[in-house]
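Enquirer: Sharing a model that was predicted from the sequence below.
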Amino acid sequence: MTVTTALSTAVDSTLLKEPERNSVSRGSTPEVRATVEAVIADIRERGDEAVREYSAKFDKHAPESFLLSQEQLDEIMARVPEQVIEDIKFVQQQVRVMAQKQLESLSDFEIETLPGVFLGQKNVPIQAAGAYIPGGKYPLLASAHMTIVTAKVAGVERVAACTPLIQGEVPDATVAAMYLAGADEIYLLGGIQAVAALAIGTETIKPVNMLAGPGNAFVAEAKRQLFGEVGIDLFAGPTEVLIVADEHADPFIVAVDLLSQAEHGPDSPAVLITTSEELGRKVMEHIDTILVDMPTRDYAAAAWRDWGAVHVVATLDDAYALADEYAYEHVQILTQNPREALEKMHDYGALFLGEGTCVSYGDKVIGTNHVLPTRGAARYTGGLWVGKYLRTVTYQEVTNTESSAFFGELCGRASRVERFEGHARSGDVRAAKYRGTSLPWSDHTFDS
């Protein structure tokens, strides 16, 4: 049958498991939008006073200063186990290596298109970036690696980073990751108030030019509302995973990998597309068994029930086409020839190829960036990378007078077609000065 669930597709598939919910919200609820708008407006009006009030209300945390001093940072670092520190350093080095190679792939250049006509391109770092490292149920150390290390490799001079308390306690390991990543300022501050303070600025927090990092629905909506006033990495939604598997895949590994992402939250979709009905049914059986005593089953079970799906298709080409229709954040390829997907797939945030690879590696340790597009955004954008912290700018210089005169006459003609007389006159004066032509609109003459 032709399936119509959370998407419309022309690919024929049989659904072994259909999600109980089948419409994905592309934006925030009216209640979230209204709350965020009110908080931003209040912080814009009252600055630090409003930030402190909201932090006290939402996080029960209202210190004299949210900025961690060097003394406080030293105390926190001393509390973190040495193995955790070593692991953080190793993972951050993997992220740094990847970001550095990305940076090296971007080149400045200058070309001479006509005698004395020079056109150039430069990649210039953003001067100040804000990194939001979420807390909530999980201390997300990896988000510090992805947002801060990448910014520093890009050459961002000032990175101001925020993270909230977790159940009233300082998230020592998260702060250590932020510190080791190279954050210039670390604030124990979360939620809308953190994002708004970074973007707008207050008496004690200087504004930034860009915001990066994941967060809950309120943080995501705050970034959306502040976009334009500052840049953002991307609009983020719930974590998504899609696995393409053939009959050679291990159904137990497929089940474990689907649930590894479903545990992010009750609205995190997990989808399997397979050419083997037998594998699909075994995966579902394994999931039911694993969920019984999975520590994060409250999230994972709800996500699988409400958003999980298992499609059976005729061929791998159909599987790739259907996966492209989903355009999910994480796409894992568990087939006999996983690299085929590199040629045949187009719309995804990141690919994870083969049984030796899993999405969790990308999330936590391997070095590629885990801030990726969701909710179909993979159709038009990639994820966070070193280039997001750079502005590609151009420059022009004309040093040859004959070339300038040529462009002056051309500019005059082109601008008058569009009725831009002022533009035309800028060209006219150069043609007049460098070629000695007269100005039809002025009796001004240039010294020879």
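Expert: Thanks, I have the structure now.

Enquirer: which residues in the stretch 51-200 of the chain form strands?
Expert: For the stretch 51-200 of the chain, the strands defined by DSSP state E, counting those that start in this stretch occupy 109-114, 117-125, 128-132, 158-163, 185-188.

Enquirer: Tell me which of the ones you listed approaches residue 207 most closely.
Expert: strand 128-132 (7.4 Å; CB to CB). Backbone N, C-alpha and C define where each C-beta goes, glycine included.

Enquirer: picking that back up, quick check: which of the strands of the stretch 51-200 of the chain is nearest to residue 12?
Expert: strand 128-132 (42.3 Å).

Enquirer: Tell me the neighbouring strands of the closest one, and mark each as parallel or antiparallel.
Expert: Take DSSP bridges as the rule and strand 128-132 pairs in its sheet with strand 158-163 (parallel), strand 210-212 (parallel).

Enquirer: Compare those strands and report which one is nearest to residue 378.
Expert: Using CB to CB, the nearest of those to residue 378 is strand 210-212, at 17.8 Å.

Enquirer: Quick one: distance of the next helix or strand after that closest one to the chain centre.
Expert: Proceeding N to C from strand 210-212, the next assigned helix or strand is helix 217-226, under DSSP states H and E. Chain-centre distance of helix 217-226: 13 Å, with CA atoms, centre = their mean, to the nearest Å.

Enquirer: And helix 217-226, what's buried?
Expert: With burial defined by 16 or more other CB atoms under 10 Å, the residues of helix 217-226 counted as buried are 217, 218, 219, 220, 221, 222, 223, 224, 225, 226.

Enquirer: thinking again about what came up before, okay, the strands paired with strand 128-132 in CSV with mean neighbour count and distance to residue 282 next?
Expert: Formatted as CSV, the strands paired with strand 128-132 follow (neighbours: other CB atoms under 10 Å; distance: least, CB to CB, whole Å):
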stretch, mean neighbour count, distance to residue 282
strand 158-163, 27, 41
strand 210-212, 26, 40
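
Enquirer: Any chance of TSV for those strands, columns mean pLDDT and distance to residue 66?
Expert: As requested, these are exported to TSV (pLDDT from 0 to 100; distance: least, CB to CB, whole Å):
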stretch	mean pLDDT	distance to residue 66
strand 158-163	98	8
strand 210-212	98	17
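
Enquirer: Need these in JSON lines (columns: distance to residue 251).
Expert: Shown next, in JSON lines, are those (distance: least, CB to CB, whole Å):
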{"stretch": "strand 158-163", "distance to residue 251": "38"}
{"stretch": "strand 210-212", "distance to residue 251": "37"}
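
Enquirer: Surely residue 297 is in contact with residue 288?
Expert: No - Residue 297 lies out of contact with residue 288 (CB atoms under 8 Å); the separation is 11.2 Å.

Enquirer: For the residue lying closest to residue 383 once chain neighbours are set aside, which residues are in contact?
Expert: Excluding its sequence neighbours, the residue lying closest to residue 383 (CB to CB, 6 or more residues apart in numbering) is residue 372, at 3.8 Å. The neighbourhood of residue 372, defined by CB atoms under 8 Å, 6 or more residues apart in numbering, consists of 234, 329, 330, 349, 350, 378, 382, 383, 384.

Enquirer: In contact with the second one, which residues?
Expert: It refers to residue 329. 239, 240, 241, 348, 349, 350, 372, 373, 374, 378.

Enquirer: The residues you listed in strands, which ones?
Expert: Counted as lying in strands by DSSP state E, out of these, are 241, 350.

Enquirer: Can you tell me which of the contacts of residue 329 lies closest to residue 118?
Expert: Nearest member of these to residue 118, counting by CB to CB, is residue 373, at 36.7 Å.
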